[in-house]
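Enquirer: Got a predicted model here, sequence first, then my questions.
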Amino acid sequence: YKKARELNCDIYHFHDPELIPIALKLKRNGKKVIFDIHENIALQILNKEYIPKFLRKITSNLYRNYEIKKLKNFDALILAENSYYEYYKLLNKKIEIVLNMPDADALNSFYSEKRIKNEIFYIGGISNNRGFEMYIKALKILKNRVSDIFMHLIGPYKIDLIKKTNLDDIKKAVKLYGSIPLIEALKYSTNSKVGISILKPIENYKESYSTKIFEYMAIGLPVVTSKFKLYSEIVDKNNCGICVDPENPDEIAKAIEFIMTHPKKAKEMGQNGRKLIEKKYNWSIEERKLNIIYSSLVQR
């Protein structure tokens, strides 16, 4: 709190739940404070693997009650998903939806229409809830159809997850890099033909955009993702890739193989994705909303 106070900012913008007490202490001392909700945390708790199952519902309810009491005291709430509005609309008088979209200009150098290797690119947290088990099963299927198949898996993971997974058949077809900054990681996407994001049908995932999907689209990479209504309305509707059953490795493998073996259609998917990012889903549009909120608070 002391360091935050010393900054003497016009507005303090928080998104970590553990910092809510500090944020509200600043508020009580006359500062303008915003809370930025990137995850529906109460729902997310229900699927946290590190929390014992019998405690998840109790913990979720406790956090929800905490939100109800505390979030009304902020000067504004920012929601990173459209679907969060119904859940949070009664908790504060000033709410704005600012989607977490990519900076298209910053990713220009990674845009490509000439993708020449049978590679799959993934960046993000690595867990079974985020598709790891399905990726491995799909790779084992594809290995028999596409001899030079290879997958880049970039992001944090737990060693126990890898130890529990049999990679013997495909150890030369996959590489786990760990955490790498986005711009450095995207270098591995240059020749990849597919960008993948397979989330399990967990309620919080079904209602939240996967930012990596938009990053893939921004660099012209065809997408293979979960067949959720939210995703289908973007990916299928605009022909940017293929939505699949997230629990069916055969369907996932077929979608990847289709993109890899139909270069003209893959190129069209990549072009469509980039056009959609430039037109609608980019940070320059979302940033304007954020600046309007800042301006309104400063003028109070």
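Expert: Everything's here; your move. Numbering: from 1, shown residues only.
Enquirer: When you work out contacts or count neighbours from here on, use the C-alpha atoms and nothing else.
Expert: OK.
Enquirer: thought residue 180 was touching residue 155?
Expert: Yes. Taking contacts as Cα atoms under 8 Å, residue 180 lies within contact range of residue 155: 6.7 Å.
Enquirer: and these two? which has more neighbours close in?
Expert: residue 155 (19 against 14; other Cα atoms under 10 Å).
Enquirer: Which pLDDT value does the model give that one?
Expert: On pLDDT, residue 155 comes in at 96.
Enquirer: now it: how far from residue 123?
Expert: When Cα to Cα, to the nearest Å is applied, the distance between residue 155 and residue 123 equals 6 Å.
Enquirer: cool, and residue 29?
Expert: 41 Å.
Enquirer: quick one, which of those two is more surrounded?
Expert: In this view residue 29 and residue 123 are compared by other Cα under 10 Å, and residue 123 has more residues nearby, 26 against 9.
Enquirer: partner residues bridging the more buried one?
Expert: Beta-bridge pairing of residue 123 under DSSP bridges involves residue 154.
Enquirer: OK, contacts around it?
Expert: 153-155, 185, 212 (Cα atoms under 8 Å, 6 or more residues apart in numbering).
Enquirer: same check, this time on residue 60
Expert: 41-43, 45-46.
Enquirer: and those, which are buried?
Expert: 42-43, 45-46 (16 or more other Cα atoms under 10 Å).
Enquirer: Now flag whichever of those is closest to residue 296.
Expert: residue 42 (29.3 Å; Cα to Cα).
Enquirer: List phi and psi for that closest one.
Expert: Main-chain dihedrals, residue 42, degrees, to the nearest 10: phi -60, psi -40.
Enquirer: With adjacent residues omitted, what lies nearest to it?
Expert: residue 60 (4.7 Å; Cα to Cα, 6 or more residues apart in numbering).
Enquirer: Ok, residue 277 next?
Expert: Closest to residue 277 by Cα to Cα, 6+ apart is residue 218, at 5.9 Å.
Enquirer: quick one: which two of the contacts of residue 60 are the most distant?
Expert: 41 and 46 (8.8 Å).
Enquirer: hang on, the earlier thing: which among the buried ones among the contacts of residue 60 gets closest to residue 93?
Expert: Distances from residue 93 to these, taken by Cα to Cα, are shortest for residue 42, at 20.4 Å.
Enquirer: any idea how far that closest one is from residue 212?
Expert: For residue 42, the distance to residue 212 - Cα to Cα - is 23 Å.
Enquirer: before we move on, the earlier item: reduced to three states, what does the residue nearest to residue 42 come out as?
Expert: helix (DSSP: H, G, I helix; E, B strand; the rest coil).
Enquirer: got it, and the one 5 residues further on?
Expert: Assigned by three-state DSSP, the conformation of residue 65 is helix.
Enquirer: and what of residue 277?
Expert: Per three-state DSSP, residue 277 ends up helix.
Enquirer: so it touches residue 104, yeah?
Expert: Yes. Residue 277 lies in contact with residue 104 (Cα under 8 Å); the separation is 7.1 Å.
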